[in-house]
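Asks: sequence and predicted structure below; questions after.
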Amino acid sequence: MKMNRLNIFAASALVALAFGVSSCGEDYLERQPQHQYTEDTFYGADDIDETAMLRMLEPLYNNAWFDYNQRAIIGIGSFRANDGWSPYLNGEFARFQITGLTTELAQAWSSFYNVVTAANSIIKSVERNAKEGANQDIMNQINGEARLMRGLAYFYLLRGWGEVILYEDNDEAAKHPTLPLNTEESVLKFVVRDFEDASELLPEKATTVNHPSRYVAKAYLAKALLAQSGWNKGGTRDQATLDRVVALCNEVINCGQYQLLDNYEDLFKVENNACYTDNNKETLLALRWADPLSGNWGEVNTHISDLAWSDVCDVGVWGGSLHASVDMIELYNQEPKDSFRLRATFFTPGRNYDYILKDKGGYTYDKNWMQVKKGVIGDKADCNGKLAQQRDPFNTYMLRFADVYLTKAEALLGNSESTTNAEALAAINAVRMRAKLDPLTSFTFEDLIRERRIEFCMEYVNWFDMVTWYRWKPQYMLRFFNEKQFRGFMLNSGDVILNPDKTLSYRVVPPGDGTWYHGTSWDENGEIRTSYWSDAERYNDGRVVCRKNGIGVSDDNPIVEVGGVPQDKEHGYTYDLWKDALNTTGVLPIKLTEENIFMPYPESDVLQNPYFNMPAVEYDFDHE
């Protein structure tokens, strides 16, 4: 590990006391104390109010996470889940071709350990100075928030890499810069312990809108326990742990502090989620970024340049290549009424967005494509002027109230194939009915996967839940990844049609043999050999081809879906998009295996630390 870098960073948590940060949140506009303080004099100083004390936590909500949020978050959290795809941005994450030399991989690893080290520094500082004269309630809150964020960083590390290095004392870690890997079970136990401690230390109600209550820790504890209930346990989840998950979710649901927004799309409008607004009622935890116009690099959200393009944004942007995966389009096609979540997540042909380019009468998406919508928030006028190249005011959602409902539903489903449990149905239907969908009368695990994938698509969290499921049901999830998800199929502008029944027809280019954008199938003239549409096979000359007895036959008769398979009713021709596409010469499907679910460690760390080549050990929880 690069311990020198991490320890230097940890100092920023205390340096922030003297210099402040450039956040545009309400808490951080207060006047800074006029004196310089040491750790010994700070906590009991008469002129320190609670706002100034809480300011020491600010790096844990932006700077510490910056290297992960800057770009890696998209590839790891969403592209690996097959939410979306782009050959230009983090394509190796979607193709499962990352190595220890992948830049964003190393940045994510470093960022998570930045959080750990900064949190360790704060925790030790508070524990050393919990003396008479200090505001004990605020001391507990600071301690609790640091433990919450440390636990969260390790929760990400666990689901990203599996076995990782645990440490709680920065000074001791600096003395021993090569530490052993700890087992996955130890890491998960550590995470659960941190979330439990945070749930005891944090206040019943948040002191300010930008700091969490204990119910945020309880919600994360529920997610960690849900993971622990089945982690490496042979395909069965522990019922007593599941019962505890349900109880924790009920506490959060019934605390009265959070609620689902009435309109799903409102979650992704800048007026409801920006550094200059209060958190909306659905936000349990978010990374809070600095004012784009005055914040320092490392404190600002940089997503706008990768997500937006000149049609929808008037600052220097180069994005727009991120588009829906065909896997997600298939999920939307299963339930065309799910159009509210669709339009909030991906731009779709012909749809108007009146909150983007408002001073120009709104923006109508006139492309036959499906570019990513979440995180695209408009131009300067739409953002109160707070927008610049590589700098936008949008906070990064980490946990929403909808997650609590779906966590509860999953725990109540438990080990069953399906459930009609009224409490479970109420939980999953709370999320569905907000999306204006019909309530379910029963649901399966696959139904729950669908709900989570659509609800949180392109919010950079779906892959982490998939890893939890993989550690519970490895063979099920490998079949899911390789047989029910279709990865690396390229959509191009002009390749999507919104049908009158609100379904989507689309053309795909299958993954191929190693060209820079993952290849395709070429003919002898260097042209794409075949265009695969979801409702027919169309060759370059425009012929439509169906299948009869395995032989391609040209046909002008309409093709309809029967039982999910496109067919010509009159002649009995059938067309299987995925079979034909995958059988094309040169196609190399992306395969997930036991070897690539977890990411490789950064090569520089492996070279410097021999423990990366040794078996992981149990963490000594009694070392203190």
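Replies: Perfect, I can see it now.
Asks: going forward, measure contacts and count neighbours with C-alpha atoms only.
Replies: OK.
Asks: phi and psi next, for residue 353.
Replies: With angles defined as degrees, to the nearest 10, residue 353 sits at phi -120, psi 100.
Asks: what about the closest residue to it other than its chain neighbours, how many residues close to it?
Replies: Distance criterion Cα to Cα, 6 or more residues apart in numbering; nearest residue to residue 353, sequence neighbours excluded, is residue 363 at 5.2 Å. Residues contacting residue 363 under the criterion other Cα atoms under 10 Å number 18.
Asks: ok, now which ones touch residue 363?
Replies: In this structure, residue 363 makes contact with 312, 352, 353, 354, 355, 356, 357, judged by Cα atoms under 8 Å, 6 or more residues apart in numbering.
Asks: and if we set it to 6 Å?
Replies: 352, 353, 356, 357 (Cα atoms under 6 Å, 6 or more residues apart in numbering).
Asks: for the residue nearest to the first one when sequence neighbours are not counted, grab the count of nearby residues.
Replies: What it means is residue 352. Nearest residue to residue 352 in three dimensions, chain neighbours excluded: residue 364, at 4.1 Å (Cα to Cα, 6+ apart). Residues lying near residue 364 (other Cα under 10 Å) number 17.
Asks: check the closest residue to residue 324 other than its chain neighbours and give its pLDDT.
Replies: Of all residues not flanking residue 324 in the chain, residue 84 sits nearest, at 4.4 Å (Cα to Cα, 6+ apart). Residue 84 is assigned a predicted lDDT (pLDDT) of 95.
Asks: one more: the one 10 residues further on?
Replies: pLDDT, residue 94: 92.
Asks: quick one: low-confidence parts of the stretch 351-500 of the chain?
Replies: For the stretch 351-500 of the chain, applying pLDDT under 70 flags no range at all.
Asks: tell me which helix or strand comes right after the lowest-mean-pLDDT helix or strand in the chain.
Replies: None of the helices or strands of the chain scores lower by mean pLDDT, DSSP states H and E than helix 3-19, at a mean of 39. Per DSSP states H and E, the first helix or strand lying C-terminal to helix 3-19 is helix 39-42.
Asks: helix or strand next in line after that following helix, which one?
Replies: On the C-terminal side of helix 39-42, the closest following helix or strand by DSSP H and E is helix 50-54.
Asks: about what we covered before: just checking, the residue nearest to residue 352 touches residue 355?
Replies: No: when contacts are counted by Cα atoms under 6 Å, residue 364 is not listed as touching residue 355 (10.6 Å).
Asks: any residues in contact with both of the two?
Replies: Shared contacts of residue 364 and residue 355, defined by Cα under 6 Å, 6+ apart, are not found at any residue.
Asks: and the strands in the stretch 151-300 of the chain?
Replies: Using DSSP state E, counting those that start in this stretch, the strands of the stretch 151-300 of the chain run over 283-287.
Asks: re earlier: now a PyMOL select for only the buried ones of the contacts of residue 363.
Replies: Selecting only the buried entries of these in PyMOL, with 16 or more other Cα atoms under 10 Å as the criterion:
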select buried, resi 352+353+356+357
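Asks: which ones among the contacts of residue 363 map onto strands?
Replies: With DSSP state E as the criterion, strands contain 352, 353 from among those.
Asks: what about the residue nearest to residue 353, distance to residue 396?
Replies: Residue 363 sits 24 Å away from residue 396, going by Cα to Cα, to the nearest Å.
Asks: do the same with residue 212
Replies: Residue 212 sits 15 Å away from residue 396, going by Cα to Cα.
Asks: cool, and residue 70?
Replies: 11 Å.
Asks: in terms of neighbours, single out the busier of the two.
Replies: More neighbours surround residue 396 than the other of residue 70 and residue 396, with 22 against 19 (other Cα under 10 Å).
Asks: so residue 532 makes contact with residue 506?
Replies: No: assessed by Cα under 6 Å, residue 532 is found out of contact with residue 506, at 8.2 Å.
Asks: more crowded one of those two?
Replies: More crowded of residue 532 and residue 506, by other Cα under 10 Å: residue 506, with 24 against 19.
Asks: hang on, the more buried one in a strand?
Replies: Yes: per DSSP: H, G, I helix; E, B strand; the rest coil, residue 506 lies within a strand segment.
Asks: mind listing what it touches?
Replies: 495, 496, 533, 534.
Asks: narrow those residues to those in strands?
Replies: Cross-referencing these against strands under DSSP E gives 496, 533.
Asks: quick one: which of the contacts of residue 506 is most hemmed in?
Replies: That'd be residue 496 among those, by other Cα under 10 Å, with 22 neighbours.
Asks: surely that residue and residue 369 touch.
Replies: Yes: contact criterion Cα under 6 Å: residue 496 and residue 369 qualify, at 5.0 Å.
Asks: host element of residue 305?
Replies: Secondary structure assigned from DSSP H and E places residue 305 in helix 303-307.
Asks: summarise which helices and strands the helix or strand following that helix is packed against.
Replies: Counting by DSSP H and E, the next helix or strand C-terminal to helix 303-307 is strand 323-324. The contact analysis (3 or more Cα pairs under 6 Å, 6 or more residues apart in numbering; DSSP states H and E) places strand 323-324 against strand 84-85.
Asks: with only the CA atoms kept, save the helix or strand where residue 579 lies in PDB.
Replies: Secondary structure from DSSP H and E places residue 579 in helix 577-582. This file holds the C-alpha atoms of helix 577-582, laid out as PDB (Å, rounded to 0.1, in the frame of the first residue of the first chain):
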ATOM      1  CA  LEU A 577     -31.400 -12.300 -32.200                       C
ATOM      2  CA  TRP A 578     -28.900 -13.500 -29.700                       C
ATOM      3  CA  LYS A 579     -28.300 -16.900 -31.300                       C
ATOM      4  CA  ASP A 580     -27.700 -15.300 -34.700                       C
ATOM      5  CA  ALA A 581     -25.600 -12.500 -33.400                       C
ATOM      6  CA  LEU A 582     -23.400 -14.800 -31.200                       C
END
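Asks: for it, the averaged confidence score.
Replies: Average pLDDT, helix 577-582: 73.
Asks: stretch 139-148 too?
Replies: Per-residue scores along stretch 139-148 average to 96.
Asks: cool, and stretch 290-298?
Replies: Across stretch 290-298, pLDDT averages out at 94.
Asks: go through it and flag the buried ones.
Replies: The neighbour-count check on stretch 290-298 (16+ other Cα under 10 Å) flags 290, 291, 292, 293, 295, 298 as buried.
Asks: quick one: low-confidence parts of the stretch 151-300 of the chain?
Replies: Answering for the stretch 151-300 of the chain: no residues sit below the bar, that is pLDDT under 70.
Asks: ok, which stretches of it are helices?
Replies: For the stretch 151-300 of the chain, helices defined by DSSP state H, counting those that start in this stretch occupy the ranges 170-175, 184-201, 214-230, 239-254.
Asks: helices and strands around the longest one, which ones?
Replies: So the one you mean is helix 184-201. Packed against helix 184-201, as judged by 3+ Cα pairs under 6 Å, 6+ apart, are the following elements: helix 136-161, helix 214-230.
Asks: what about those helices, which gets the closest to residue 308?
Replies: Nearest of these to residue 308, taken as Cα to Cα: helix 136-161 at 26.7 Å.
Asks: list the buried ones in the closest one?
Replies: 138-161.
Asks: angle of that helix against helix 184-201?
Replies: Put simply, helix 136-161 runs at 160 degrees to helix 184-201, going by axes from the mean of the first three to the mean of the last three Cα atoms, to 10 degrees.
Asks: report the angle between helix 136-161 and helix 214-230.
Replies: Here helix 136-161 runs at 30 degrees with respect to helix 214-230, directions being taken by the same axes, to 10 degrees.
Asks: okay, now the closest residue in space to residue 433 that isn't next to it in sequence: neighbour count?
Replies: Closest residue to residue 433 apart from its sequence neighbours, by Cα to Cα, 6+ apart: residue 439 at 6.4 Å. Residue 439: 14 surrounding residues under other Cα under 10 Å.
Asks: could you pull out the strands for the stretch 451-600 of the chain?
Replies: Secondary structure of the stretch 451-600 of the chain (DSSP E, counting those that start in this stretch): strands at 496-498, 504-508, 530-533, 537-539, 544-548, 551-554, 560-562, 565-568, 573-574.
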